[in-house]
Structure formats: structure tokens, C-alpha cells
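> Show me how the following folds:
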Amino acid sequence: AAARHRKSVPRAVASAPTLSGPLAPGLLAPPLVGRTQERALLVRHLAGEGPPLLLLTGEPGIGKSRLLANTLGTAYAQGWTTLHGGCSRRSGQEPYAPIVGALTRFLSSRTPAQRCQELAGCEWLMRLLPEFADATVVPTPAWILPSEQERRLMFEAVVRFARNVAGPAGTLLVLDDLHRAGADALDLLATLAHAGAEEGLRLVGAYRATDVRSEHPLAIMVADLAQAGLVQQAQVGPLAPTEAAELLGRLLIEESAQVEQVEQVLDRCGGGHFTWRATRAGCVRDWQASPGTWHRAFSSGWRHCPHWHETYSRLRPS
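Model prediction:
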């Protein structure tokens with residue numbers, strides 16, 4: 001453990017992390033307010049406490065993705081190599097999404113020489129990432145094996161790759177929107193969780209509790225891993241009223257929102273459950289111009305949120 005936390009400069013951290021799945025293109029991360037318990041749990045997870053896989057679960061828009069973004073920044077500063085990805089509505093059905101996306105994003109940021117070093121011994125990974133196959137660097141295996149054997153070798157290659165790219169602290173894989181992941185990706189994630197204890201690999205994921213029932217492949221994977229002591233789940237709930245007020249006030253400060261207006265939004269949102277994307281620039285100006293129709297001003301913001309129809313009902317006037 002001490003070796004994994006030595007203070008040398010990370011050799012495989014490509015760049016400061018930016019999110020692909022958790023945050024939509026063109027949107028900046030909102031301020032992080034509160035979440036003391038969740039942040040402490042994530043810090044302990046990076047320190048090696050608990051099972052290798054930590055899953056954040058909660059309602060849509062509750063703040064899971066923001067916690068993932070903060071974890072990426074913390075891990076990068078501590079010397080972890082970070083790989084990250086997220087499922088979109090379309091990518092959820094792509095083979096091995098979002099793990100393949102995380103691997104692709106990382107390798108795309110590397111030089112050919114770095115890829116040659118980091119893909120050493122990972123020939124079977126090219127079956128997952130054929131775009132990186134190069135006969136002079138990492139050739140794709142030419143022989144054909146039964147599908148189960150090929151899959152086992154591909155999974156082992158992913159584990160080996162995570163070991164190859166590890167920074168001084170290890171390798172951190174962060175995956176968002178796992179409720180959209182297919183059974184193939186969840187099988188690979190389970191393999192990584194089993195390997196995590198020995199490989200200096202830590203895993204953090206998030207999913208919507210509202211989208212995962214007992215028969216969902218993710219629920220089945222979690223049950224199996226829990227029996228083996230390889231997963232921990234943390235429920236992310238609404239912010240406390242004072243924290244929600246602080247967050248909304250900071251988001252709307254440039255819009256000159258009044259305290260009364262902030263309080264009205266929080267009241268409509270049930271005391272702290274709101275999605276930060278609903279406070280897009282201009283919505284409060286529209287609200288100020290037409291105080292009696294503030295809910296229509298906010299609707300333009302909600303429509304830019306992937307799950308606006310699920311939460312906008314909270315903001316409709318009674």
C-alpha cells in the first residue's frame with residue numbers, strides 16, 4: 001500500500017480530468033456545496049478503505065455526477081491515473097459501454113510511444129479497441145477461440161492495462177449512469193472489482209436508483225459483488241435546506257436573484273432537490289421580468305437537462 005501512495009510524479013496521468021458522460025458538452029461543473037459525508041467517504045475510498053467498488057445511487061439530478069467530478073480532481077492531485085466515462089441514452093447499447101469509452105478516451109490522449117509501453121501484453125484488448133491495433137505496436141490476435149475464452153482473455157487484458165497505466169497511487173476508473181450499461185459492461189466491471197484488491201485499482205460509479213429494479217442486470221451484479229464483499233453503495237440524498245439555498249444563491253449570483261426568489265424556488269423544489277442546469281443564464285432575468293410566470297422561465301432551463309420531464313413537475317405552480 002505504501003508503494004502505491006509514493007509521492008513521485010505520476011507517469012501515466014494524461015491531463016487534468018474533464019468529464020464526458022457526467023456533464024453535458026459545453027456545461028461547466030456547478031459549485032460543490034455540502035456533501036461532507038459523501039466527500040469523506042470518497043476520500044476514504046481513494047485511501048484504500050472498503051471494497052474496491054463504490055457506487056453512488058440516488059434520484060436524477062441529485063448531485064451524483066458532481067461528486068464524481070470532484071473525485072476525479074482529487075484523485076488526479078493525489079497521483080492516480082484516472083479513466084472516466086459515462087453512458088448516454090445512445091451509448092448504453094454499445095458493446096461494453098461505458099468502459100470502452102473510458103479506455104478509448106485515455107488512449108486517444110497518449111503518444112504512440114506511450115501506447116506501446118502501456119499496451120504491452122494487452123494484445124487481446126485490441127478486440128475491444130480495434131482502432132488502436134497496429135501490427136508494429138500491438139497487433140490484434142490472429143487466432144480464433146471460443147467466445148467465452150476470448151472474452152476471458154479480453155477481460156484479463158483490461159486488468160493488465162489498468163496495471164500498466166497505474167500512477168503512484170494506482171488507477172481509478174470512474175463511470176457514470178451505470179443504469180444504462182449493458183450486461184457485457186457490467187460483467188467486465190465485476191471482473192475489475194474482483195481484481196481491484198490485488199491490482200491497486202479503485203472503481204467509482206453512479207446510477208439512478210429510480211431506473212434499477214431487482215431484475216436489472218446492475219442490481220444482479222451488485223448483489224453478487226456484495227456477497228463477495230467487493231462493493232459498497234452510498235445513497236445520495238437532497239441537500240439540507242441551508243446548503244440548497246447556498247448552492248442556488250451561488251448559481252444565480254450573476255443574475256441578481258433576490259433572496260425571496262431563491263426561497264420560492266427552494267420551496268417549489270421540496271426543500272433542496274433541484275437540478276443545477278435549471279438555472280441557466282437568463283432564466284432568472286425572464287422570471288424577474290414576469291414574476292407571475294417564473295415556472296415558464298425555468299422550463300427553458302429544464303429542457304436542456306436530459307431528465308427535465310422527470311423533475312420539472314416539482315417546479316410547476318400548484
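
> CA only for contacts and neighbour counts going forward, please
Fine.

> Averaged pLDDT, stretch 169-178. What do you get?
For stretch 169-178, mean pLDDT rounds to 95.

> try stretch 89-99
For stretch 89-99, the per-residue pLDDT averages 76.

> Okay, now it: how far is its last residue from its first?
By CA to CA, to the nearest Å, the extent of stretch 89-99 from end to end equals 15 Å.

> what does stretch 128-139 give?
The first and last residues of stretch 128-139 sit 13 Å apart, counting by CA to CA.

> Mind listing residues that contact it?
By CA atoms under 8 Å, 6 or more residues apart in numbering, the residues outside stretch 128-139 that reach it are V100, T104, C116, L119, A120, C122, E123, M126, T140, M154.

> And the buried ones among those residues, selectable in PyMOL?
Restricted to buried positions by 16 or more other CA atoms under 10 Å, the PyMOL selection for the contacts of stretch 128-139 reads:
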select buried, resi 100+104+116+119+122+123+126+140+154
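
> Where does confidence bottom out across the contacts of stretch 128-139?
T140 (75).

> How about the backbone phi and psi for it?
The phi/psi pair for T140 (degrees, to the nearest 10) reads phi -80, psi 130.

> Contacts only, for the closest residue to it other than its chain neighbours.
In space, T140 comes closest to M126 once its chain neighbours are excluded; the distance is 5.4 Å by CA to CA, 6 or more residues apart in numbering. By CA under 8 Å, 6+ apart, the contact list for M126 reads F132, A133, V138, P139, T140, P141.

> Give me the buried entries from those residues.
Among these, those classed as buried by 16+ other CA under 10 Å are F132, A133, V138, P139, T140.

> Same list (the residues you listed) but as CSV, adding distance to E198 and secondary structure.
Compiled in CSV, the buried ones among the contacts of M126 are given as follows (distance: CA to CA, whole Å; DSSP: H, G, I helix; E, B strand; the rest coil):
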residue, distance to E198, secondary structure
F132, 27, helix
A133, 28, coil
V138, 25, strand
P139, 28, coil
T140, 27, coil
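
> Max pairwise distance over the contacts of M126: which two?
Spatially, the most separated pair among the contacts of M126 is F132 and P141, at 12.9 Å (CA to CA).
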